[in-house]
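[1] one predicted model, sequence on top.
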Amino acid sequence: SYAAALLIRCEALIYTGEYEESESLAARAVELYEQLRGRDSVECAGALHLRASCLQGQGRVEEALPLYREALAVRQEALGATHRHTTATITHLAMQLSYEGQHAEAEGLYRQVLEAHQRNLGASHNLTAQAVSNLAGCLHELGKLVEAEVLYRRALDVYSDTVGPRHRQVAFTLVGLAAVVREGGDLEAAEELYRRALDVCRTALGPKHPHAQMTLGALRDLLKERGKGEEADALEL
């Protein structure tokens with residue numbers, strides 16, 4: 001259908017970061033599906049989810065949140081709480097809530113996704129590791145450092161087995177773990193983790209990637225905190 005074709009184009013534009021154009025396509029798809037199938041249809045929920053993603057990409061949080069909630073209500077009712085489309089919407093909603101500082105609600109949603117993935121995919125699946133890592137980041141924000149560290153290490157173990165130790169997901173997880181360990185006061189261990197993350201970033205992402213630059217900056221800050229100012233200044237990607 002034309003609406004489905006709009007959403008395919010919309011997804012392609014989201015992938016390339018063209019959120020404004022993709023949002024107009026998603027909004028049109030929502031209108032079409034609402035006319036054809038009804039606002040409470042699975043098809044309309046899919047279009048609502050994509051439109052919310054486009055708004056999220058533009059930083060329009062207050063507009064994105066109600067659309068995610070509406071899409072989630074339909075998907076939970078029609079597909080069930082553990083369906084992959086439902087858990088995708090839950091994850092996006094949780095991320096948006098975390099971004100807004102609503103970490104307590106986000107924690108509950110992340111736990112829901114993790115439980116669903118563990119049941120459907122198993123503990124050693126890549127998507128389960130992603131859910132573990134997302135929850136760990138949320139717990140870090142809530143100050144639950146011990147559980148956050150345990151979960152980050154668990155995610156690292158799974159990623160090492162599923163995608164390999166040099167994958168970008170490993171780099172992201174190492175940075176999260178390093179931040180938790182640093183906040184816990186073990187600066188020596190945090191330095192080692194940041195160095196590992198930077199090493200993976202160099203190969204998996206390249207030196208110009210924003211995450212590589214961010215990791216370099218975090219390592220430099222930590223080195224200065226440890227009294228290694230000259231080493232920090234000399235550090236390069």
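    Cool, got the structure.

[2] chain center to stretch 141-153, what's the gap?
    16 Å (C-alpha atoms, centre = their mean, to the nearest Å).

[3] apologies, that question was intended for stretch 166-179.
    Worked out by C-alpha atoms, centre = their mean, stretch 166-179 lies 13 Å from the chain centre.

[4] swap in stretch 219-233?
    Taking C-alpha atoms, centre = their mean, one finds stretch 219-233 lying 29 Å from the centre of the chain it belongs to.

[5] report the buried residues of it.
    For stretch 219-233, the neighbour count (16 or more other C-beta atoms under 10 Å) marks 219-220, 222-223, 232 as buried. The way it works is simple: take the backbone N, C-alpha and C, and place the C-beta from them, glycine included.

[6] in TSV, list those residues along with distance to Thr16.
    Shown next, in TSV, are the buried residues of stretch 219-233 (distance: C-beta to C-beta, whole Å):
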residue	distance to Thr16
Leu219	30
Arg220	31
Leu222	34
Leu223	36
Ala232	35
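
[7] can you tell me which of those end up in helices?
    219-220, 222-223, 232 (DSSP state H).

[8] from those, pick the one nearest Gly143.
    Minimum distance to Gly143 across these is 19.8 Å, recorded for Leu222 (C-beta to C-beta).

[9] state the distance from that closest one to Gln112.
    For Leu222, the distance to Gln112 (C-beta to C-beta, to the nearest Å) stands at 34 Å.

[10] with Arg9 instead?
    Distance from Arg9 to Gln112, counting by C-beta to C-beta: 31 Å.

[11] who's more crowded, the two?
    Higher neighbour count among Arg9 and Gln112: Gln112, with 18 against 15, using other C-beta atoms under 10 Å.
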